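K.L.:
attaching a predicted model along with its sequence, questions to come.
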Amino acid sequence: MLGQARAVRIQFKIETTGLDMLSKQLAAMARHSSSRYGSLLLAAGLAVTSIASDASALGSSRVRASPRVEIFDGNSLLGSYLAGHVARSSRDSDNAAFYYRRALAKDPGNQDILDEAFQLELAAGNFEAARGLAREMVKRQSDNTIANVFLGLDAYKRKDYAKAAESLKIGQKGVADGEPTLRLAKLARAWVAVAQGHADKAITSLEVPSKAAWATHFETVQRAFIADVAKNRAASDLAYRTVYEKKPPNMRIAEAFARHLAFWGDKEKAQSVLTESGADATPLGKVLLADLKAGKTPKLMVSTVDEGLAESFLGIGQVLATNNGVDAAQIYLRLALFLNPNSDIAKLELAELYGNIEQYDKAISVLDGVRNDSAFSLNAQIRKGLYLNALQKADDAVALLTSFWRKVQRKSKFCRRLLPWKALAKSMMQQFPTMTGPLL
């Protein structure tokens with residue numbers, strides 16, 4: 001539990017092999033730490049090595065000893081710094097943020113701790129704390145990219161568009177061309193320009209190809225979104241056709257293109273895009289196709305600047321999450337929710353990220369925020385059941401999914417449009433082999 005992790009002293013009860021491993025971890029941390037703390041961590045590693053040797057000697061006696069080692073005071077500067085490192089290596093951003101916050105209070109002038117603390121507050125979704133740290137960071141390092149990007153987004157939310165544009169411009173200059181943060185700073189500047197009434201300028205800024213092919217593709221999608229929000233059909237048509245023609249087509253892009261076509265009156269072509277791409281087989285694609293056949297005009301995938309900005313960070317976060325960029329993905333997905341707290345797809349992505357690193361409690365907490373009337377609510381309930389099962393709470397999982405199944409039966413006509421139920425039932429039975437009766 002979080003409270004248990006915040007003990008007054010950090011205690012380790014480890015066998016000899018565990019002490020050896022701890023010693024190696026401390027030495028590795030020393031190599032990657034500032035000179036100020038590197039020497040202290042190295043000394044700690046040597047101390048643990050000595051303890052391990054003593055424990056090894058004890059092991060030769062008839063009585064097996066399991067040494068209890070109290071290494072650092074958890075309230076000390078070094079103890080807090082070490083505890084933060086350990087928590088971060090376990091991708092426990094909440095506890096890591098707590099310990100780095102404590103370390104920073106004891107050494108407020110340390111740039112390394114400030115940088116780590118800021119990023120951890122973002123990853124944990126503690127935006128109030130992150131705001132203060134970001135302001136302090138730019139005082140010391142005026143071109144710090146992620147701090148300027150966050151402050152730019154914060155200014156945008158306060159409708160201070162001039163300040164937002166200024167911060168994002170500085171952030172864009174402070175990073176190499178291939179870095180995802182550069183793309184986000186560039187895209188965020190474009191969306192802020194739209195908010196300022198300069199949509200044509202925003203579209204033009206995204207027409208120059210980037211050096212990285214993935215970046216050009218991503219920016220073209222965003223250009224299509226911006227042109228739609230600006231009601232520039234010609235520009236959005238061109239951008240959508242450019243990205244849609246790539247094979248195989250991305251399902252989300254196909255859905256966005258279909259919505260674009262239907263919005264501008266070509267519902268027949270929109271249906272064709274869904275069926276040709278296979279997007280009609282996805283949960284949202286099924287709903288969209290049914291709406292089109294009923295003569296309804298669906299909303300655009302991105303209808304506002306808020307949604308467009310959030311979509312930018314969501315997209316990069318999704319890419320990083322699927323390519324083992326977990327730490328950065330947490331930050332970008334959190335920022336997507338900072339910009340659009342109602343984005344259920346961002347909540348699902350963040351929950352899946354937590355589930356993939358086995359932080360199931362956090363995943364469930366995020367899924368609790370998915371709205372009951374959302375098209376993603378069914379998916380959220382299923383995932384919550386799977387995560388409860390992973391936490392050895394099978395009874396809770398059964399109760400949740402049984403209740404969910406009964407609700408589904410009452411809304412069966414709606415749900416048949418969303419999910420292939422035979423496949424869903426099979427999947428649930430594989431995850432919960434003891435389930436019978438009410439579920440099937």
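P.N.:
Looks like it came in fine.
K.L.:
the stretch 151-300 of the chain: helices as residue ranges?
P.N.:
161-173, 180-195, 199-205, 213-229, 233-244, 251-263, 267-277, 283-293 (DSSP state H, counting those that start in this stretch).
K.L.:
as TSV, those helices with distance to E128 would be great.
P.N.:
Bear in mind the C-beta positions are built from the backbone N, C-alpha and C, glycine included. As requested, those are exported to TSV (distance: least, CB to CB, whole Å):
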stretch	distance to E128
helix 161-173	18
helix 180-195	21
helix 199-205	30
helix 213-229	29
helix 233-244	37
helix 251-263	32
helix 267-277	42
helix 283-293	33
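K.L.:
save these as TSV, and put in mean neighbour count too.
P.N.:
Conversion of the helices of the stretch 151-300 of the chain to TSV gives the following (neighbours: other CB atoms under 10 Å):
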stretch	mean neighbour count
helix 161-173	20
helix 180-195	24
helix 199-205	18
helix 213-229	22
helix 233-244	18
helix 251-263	23
helix 267-277	18
helix 283-293	18
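K.L.:
can you put the ones you listed in CSV and add mean pLDDT?
P.N.:
Listed next are these as CSV, based on pLDDT from 0 to 100:
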stretch, mean pLDDT
helix 161-173, 92
helix 180-195, 90
helix 199-205, 94
helix 213-229, 91
helix 233-244, 94
helix 251-263, 94
helix 267-277, 94
helix 283-293, 89
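K.L.:
of these, which approaches N95 most closely?
P.N.:
Closest approach to N95 among the helices of the stretch 151-300 of the chain is made by helix 180-195 (25.3 Å; CB to CB).
K.L.:
distance between that closest one and the chain's centre?
P.N.:
Distance of helix 180-195 from the chain centroid (CA atoms, centre = their mean, to the nearest Å) equals 18 Å.
K.L.:
and the helix or strand harbouring K347, what does it pack against?
P.N.:
Here K347 sits within helix 344-356, counting by DSSP states H and E. Packing partners of helix 344-356 (3 or more CB pairs under 8 Å, 6 or more residues apart in numbering; DSSP states H and E): helix 305-321, helix 326-339, helix 360-367, helix 377-390.
K.L.:
surely K362 is in contact with Y354?
P.N.:
Yes: K362 is within contact range of Y354, at 4.4 Å (criterion: CB atoms under 8 Å).
K.L.:
neighbour count winner among those two?
P.N.:
More crowded of K362 and Y354, by other CB atoms under 10 Å: Y354, with 24 against 21.
K.L.:
what ranges in the stretch 51-200 of the chain fall below the confidence cut-off?
P.N.:
Applying pLDDT under 70 to the stretch 51-200 of the chain flags residues 51-75, 88-90, 174-178.
K.L.:
could you dump the helices and strands packed on helix 344-356 to a markdown table with mean pLDDT and distance to A96?
P.N.:
Converted to a markdown table, the helices and strands packed on helix 344-356 look like this (pLDDT from 0 to 100; distance: least, CB to CB, whole Å):
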| stretch | mean pLDDT | distance to A96 |
| --- | --- | --- |
| helix 305-321 | 92 | 19 |
| helix 326-339 | 94 | 10 |
| helix 360-367 | 94 | 13 |
| helix 377-390 | 89 | 21 |
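K.L.:
for T220, which of the ones you listed is the nearest?
P.N.:
T220 sits nearest to helix 305-321 of all the helices and strands packed on helix 344-356, at 11.9 Å, using CB to CB.
K.L.:
list the contacts of that closest one.
P.N.:
The contact list for helix 305-321 (CB atoms under 8 Å, 6 or more residues apart in numbering) reads 153, 156, 180, 183-184, 187-188, 191-192, 194-195, 214, 218, 221-222, 225-226, 229, 301-302, 325-326, 328-329, 332-333, 335-337, 339-340, 343, 345-346, 349-350, 352-353, 356.
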